[in-house]
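>>> got a structure for you, letters missing:
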């Protein structure tokens, strides 16, 4: 869901929705923030950086993930049993 | 019919449209000159724009460092001109070269850290190699540059109007008298009455025009430049009768695979250890320190398309590799990336995946097709940053014809355009009347009402995909006269067929953005059709026509301008003077 807000930590200060450059985060009637338009997140991290409660982390959709590429090759062994 | 939309009138002398680096600097300068200044921003200037979450490097002329090497400020202008292939608006380049360091010192006064104890250079700067033949790019703690600049705009007394998308400039008796827009959250119609305008709405975010590698929008904004940079300033200027230039140019670099982030890979923020390698571990782009340390070459001379070649010839995947760096070098790169726009988020995402520069490589891909920057399409301005509409000035990436002007261009021309706009205000203080009941306002209000009440139209995402499909097919690597004509037929069809509907105010703004994007696409294709040549800057292709494969300097070493006259588009060739 793009910006994941930990409501246990959130103090509802409104900074994340105020700062979001893509207008992705909104607040419900009780002032609790939520990621209303996750498909429009730019993953710039403004909400995360400015959150005074350190309550936000980013989560990429599956198709944009950074698939790890360790420099040392994975120790996967291939065996062939063709006849 | 339902009730009319609420309206708010805001009066000022200077209206700055767009609150990025250029806009903030313009607002600061306007307020400093004692002019009543309003800065209106579609998002919120504390984190908006290309530098919203930072910038780690900015070039300038440092007289105490480059001077003793015999490299003058005018050498910087010539050097930059040479690096971008000669076709550049040198008057604007001069503003950048002569003023960038002063603006950096302004940033320091706003609380941005630019000097470092460990530096042995005069001024305690940390400089890295970037574009030019000398090492003149400042690396600095720029992550929060926008927070500090927006604070400063407020402190100097300019009024900030956030969350308003300006849609039209209002021109009366041949000069600008105001602008109108829509509140992106409150849905109100905003009417600005002013004596001059600085347009600073940035370049067009290429990924909203083309979608390759995608996905572009509707499902995620995987773009290098801010998704909200939809060329609003270009369209409002064009519709008001201004000349736009070089919109046909675009370019493509390598970039991070997956999320398009961390531009400049494997150099720039990833230096000094960053190198580009192929699937076999062959070093295709050695660390820039190895190839450029003893040479008088900017890294922009490095052919980054060499990495494309690896993919095209079966030696992919390709990677950005920092693992061979020393701990000190890797720490330096981490510091740079942290402060580069989106870099903090990238490091955060890497950490969550367990990816570390010391042990992992970052896979690269062809980046998105970018507009602006190398191609530098934008508003045609004179040596005063004045557009062809009296009272309308442009700044930063809104200005056409200055490739690689980047952050120093934004800071210097923002400041300079505001100064010239204030001179205009002093000399032309009698503004023709402009009320809250004018044709343009009623038309905008009607459009908004229709979009909000329509039940049988398309959502903006549907139009976005349609636009991306047209542009990615007709407007990229298959361009010929017939293909471009067909592309224009498609855009024409799309413009007539599109009937956007919005569930709420947020969607309404996305719909208005889509209209601007479609209009920009039309200008891009039309420019592509008109410019009958192919063109490169060094090894970077910025315009490729299959039917005109050669560069034609005799006919096309010039900017191509487009201007609206009634229902016609008028093309003109514009030569930049050498200063």
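Good, I have the coordinates. Owing to the predicted nature of the structure, the values given are computational and were not obtained by experimental measurement.
>>> in which helix or strand would I find the residue nearest the centre of chain A?
Nearest to the geometric centre of chain A sits residue A:58, at 1.7 Å (Cα atoms, centre = their mean). Element membership of residue A:58 [criterion: DSSP states H and E] is strand A:56-59.
>>> Report whether that strand contacts chain B.
Yes - residues of strand A:56-59 contacting chain B under Cβ under 8 Å from any Cβ of the partner chain: A:57-59. C-beta coordinates here come from the backbone N, C-alpha and C atoms, glycine included.
>>> For the residue in chain A positioned nearest to chain B, give me the backbone phi and psi.
Nearest to chain B, among the residues of chain A, is residue A:45, at 3.0 Å (Cβ to the nearest Cβ). With angles defined as degrees, to the nearest 10, residue A:45 sits at phi 90, psi 10.
>>> Please apply the same query to residue B:88.
Per degrees, to the nearest 10, the backbone of residue B:88 is at phi -150, psi 150.
>>> Which strand or helix spans the closest residue in space to it that isn't next to it in sequence?
Distances taken as Cβ to Cβ, 6 or more residues apart in numbering or on different chains place residue B:81 nearest to residue B:88, at 5.2 Å, with adjacent residues excluded. Using DSSP H and E, residue B:81 maps to helix B:73-83.
>>> What's the mean pLDDT across that helix?
Here helix B:73-83 scores 96 as its mean pLDDT.
>>> distance between that helix and the chain's centre?
21 Å (Cα atoms, centre = their mean, to the nearest Å).
>>> repeat for stretch B:242-253
11 Å.
>>> cool, stretch B:400-409 as well?
With Cα atoms, centre = their mean, you get 9 Å for stretch B:400-409.
>>> ok now do residue 15, which residues does it touch?
You didn't say which chain, so I picked chain A. Residue A:15 sits next to A:47, A:50-52 when contact means Cβ atoms under 8 Å, 6 or more residues apart in numbering or on different chains.
>>> oops, I was thinking of chain B
B:37-38, B:40, B:178-179, B:192, B:194, B:196-198.
>>> Same check on residue A:23?
A:37, A:40, B:43, B:163, B:184-185, B:506, B:509.
>>> Get me the contact residues on chain A for chain B.
A:18-23, A:36-37, A:39-46, A:48-50, A:57-61, A:63-72.
>>> Filter the residues you listed down to the buried ones, PyMOL style.
The following PyMOL line selects those of those that are buried, judged by 16 or more other Cβ atoms under 10 Å in any protein chain shown:
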select buried, chain A and resi 18+19+20+21+22+23+36+37+39+40+41+42+43+44+45+46+48+49+50+57+58+59+60+61+64+66+68+69+71
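>>> Of the residues of chain A next to chain B, which belong to helices?
Mapping the residues of chain A next to chain B onto helices (DSSP state H) picks out A:18-19, A:46, A:48-50.
>>> quick one: which of these is nearest residue B:435?
Ranked by distance to residue B:435 (Cβ to Cβ), these are led by residue A:18 at 32.8 Å.
>>> so how far is residue B:508 from the closest one?
20 Å (Cβ to Cβ, to the nearest Å).
>>> what does residue B:123 give?
Residue B:123 is 49 Å from residue B:508, where distance means Cβ to Cβ.
>>> Residue B:209 now?
For residue B:209, the distance to residue B:508 - Cβ to Cβ - is 21 Å.
>>> so what's the residue lying closest to residue B:507 once chain neighbours are set aside up against?
Distance criterion Cβ to Cβ, 6+ apart; nearest residue to residue B:507, sequence neighbours excluded, is residue B:460 at 6.3 Å. Contacts for residue B:460 (Cβ under 8 Å, 6+ apart) come out as B:500, B:502, B:507, B:510-511, B:513-514.
>>> let's see 10 Å
The contact partners of residue B:460, by Cβ atoms under 10 Å, 6 or more residues apart in numbering or on different chains, come to B:217-218, B:451, B:498, B:500-502, B:507-515, B:517.
>>> do residue B:195 as well
With Cβ under 10 Å, 6+ apart, residue B:195 has these contacts: B:11-15, B:35-36, B:175-178, B:391, B:421-422, B:424-426, B:428-431.
>>> Next step: those residues restricted to strands.
Among the contacts of residue B:195, DSSP state E puts B:11, B:14-15, B:175-178 in strands.
>>> biggest separation within those residues, which pair?
Farthest apart among the ones in strands among the contacts of residue B:195 - using Cβ to Cβ - are B:11 and B:175, which lie 16.4 Å from each other.
>>> Same drill for the two, tell me which one is more crowded.
Between residue B:11 and residue B:175, counted using other Cβ atoms under 10 Å in any protein chain shown, the more crowded position is residue B:175 (16 against 13).
>>> And the more buried one, how close does it get to chain A?
Using Cβ to the nearest Cβ, to the nearest Å, residue B:175 is found at 32 Å from chain A.
>>> beta partners of residue B:321?
residue B:275 (DSSP bridges).
>>> and it, how many neighbours does it have?
Neighbours of residue B:321 (other Cβ under 10 Å): 25.
>>> list the contacts for it?
A:69, A:71, B:266, B:270, B:273-277, B:281, B:283, B:285, B:287, B:357, B:360-362, B:364.
>>> what do you get for residue B:490?
B:466-467, B:469-471, B:473-475, B:521, B:525 are the contacts of residue B:490 under Cβ under 10 Å, 6+ apart.
>>> Closest one of the residues you listed to chain A?
residue B:467 (16.1 Å).
>>> which stretches of the chain have low pLDDT?
Since you didn't name a chain, this refers to chain A. Counting by pLDDT under 70, chain A shows low-confidence ranges at A:72-78.
>>> Sorry, I should have been clearer: chain B.
B:1-3, B:213-218, B:293-296, B:298-304.
>>> Leaving out the residues flanking it, which one is nearest to the one residue sitting closest to the centre of it?
Against the mean C-alpha coordinate of chain B, by Cα atoms, centre = their mean, the closest residue is residue B:203 at 3.1 Å. Leaving aside its sequence neighbours, residue B:203 sits nearest to residue B:372 (Cβ to Cβ, 6+ apart; 2.7 Å).
>>> Can you give me the distance of the one you found to residue B:197?
Distance of residue B:372 to residue B:197, computed by Cβ to Cβ: 20 Å.
>>> re the thing from before, would you check which pair of the contacts of residue B:490 lies furthest apart?
It's B:466 and B:525 that sit farthest apart of the contacts of residue B:490, by Cβ to Cβ, at 14.4 Å.
>>> quick one, which of those two is more surrounded?
residue B:525 (26 against 19).
>>> Tell me who's in contact with the closest residue to residue B:377 other than its chain neighbours.
Leaving aside its chain neighbours, residue B:377 sits nearest to residue B:247 (3.9 Å; criterion: Cβ to Cβ, 6+ apart). By Cβ under 10 Å, 6+ apart, residue B:247 lies in contact with B:204, B:231, B:234, B:238, B:371-372, B:375-378, B:400, B:520-528, B:560-562.
>>> Count the neighbours of residue A:1 for me.
Residue A:1 has 12 nearby residues by other Cβ under 10 Å.
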